[in-house]
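J.: give me a 3D structure for the following:
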Amino acid sequence: MKRNSLSCLKWLFIAVVSVGLCNCGKDKQTGFQMADLHGLWLEEGTQHYMRFLEEKADTSNFEWGKQWDEADKVTEDRLEYHKNGWFMYELDGSRFTLIHMMRNGGAEIPKVYTVKTLNASRLEFVEEDDRNNVKYKFDKVE
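T.: Have a look, this model is predicted:
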């Protein structure tokens with residue numbers, strides 16, 4: 001009987017350690033909600049705004065958004081539809097991709113970020129490679 005109890009405890013210990021090791025290195029927060037992202041955001045300490053719309057783009061899983069900086073005397077209503085200041089975006093877990101539009105139809109190069117915080121009032125993300133440790137911090141305006 002003692003031998004069976006020890007054997008069960010040994011297997012229980014192995015199972016607990018295995019589960020713990022399997023979870024190492026995984027993102028703790030990847031269940032960010034698109035509904036939290038939609039709306040108007042203001043970058044901390046700046047006049048840089050980003051608006052994430054629910055309008056679907058032609059590219060699968062992407063939606064439209066726009067950004068502007070009022071310090072440059074640019075306002076949202078002065079942005080030409082789907083040109084400079086507009087972007088397509090996709091949120092896939094904590095991976096956040098932006099494709100900036102250009103008026104001259106130039107190259108549309110995706111920029112990839114990692115979302116660190118996203119809730120109803122706060123958005124924080126970093127460049128995917130994070131070489132320069134650039135952090136973007138936004139508060140929801142509406």
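J.: make sure Ala35 is indeed in a helix.
T.: Yes: when the secondary structure is assigned by DSSP: H, G, I helix; E, B strand; the rest coil, Ala35 falls within a helix.
J.: separation between it and Tyr81?
T.: As judged by C-beta to C-beta, to the nearest Å, Ala35 and Tyr81 stand 24 Å apart. Quick note: C-beta positions are derived from backbone N, CA and C, even for glycine.
J.: do the same with Asp36
T.: Asp36 sits at a distance of 26 Å from Tyr81 (criterion: C-beta to C-beta).
J.: higher neighbour count, these two?
T.: Neighbour count, other C-beta atoms under 10 Å: between Asp36 and Tyr81, Asp36 has more, with 16 against 9.
J.: what's the per-residue pLDDT of that one here?
T.: At Asp36, the predicted lDDT confidence score is 97.
J.: contact partners for it?
T.: Counting by C-beta atoms under 8 Å, 6 or more residues apart in numbering, Asp36 touches 118-120.
J.: got phi/psi on the residue nearest to Trp86 when sequence neighbours are not counted?
T.: With sequence-adjacent residues excluded and distances taken as C-beta to C-beta, 6 or more residues apart in numbering, Trp86 is closest to Met101, at 4.3 Å. When read as degrees, to the nearest 10, the backbone of Met101 gives phi -90, psi 150.
J.: run a quick neighbour tally on Met101.
T.: So Met101, with other C-beta under 10 Å, has 20 neighbours.
J.: distance-wise, check it relative to Gly65.
T.: 10 Å.
J.: now do the shared contacts for these two.
T.: Residues touching both Met101 and Gly65 (C-beta under 8 Å, 6+ apart): 86-88.
J.: out of those residues, who's nearest Met50?
T.: Met50 lies nearest to Phe87 out of these, by C-beta to C-beta, at 8.4 Å.
J.: hmm, the closest one is touching Lys66, no?
T.: Yes: look at Phe87 against Lys66 with C-beta atoms under 8 Å: they come within range, at 6.9 Å.
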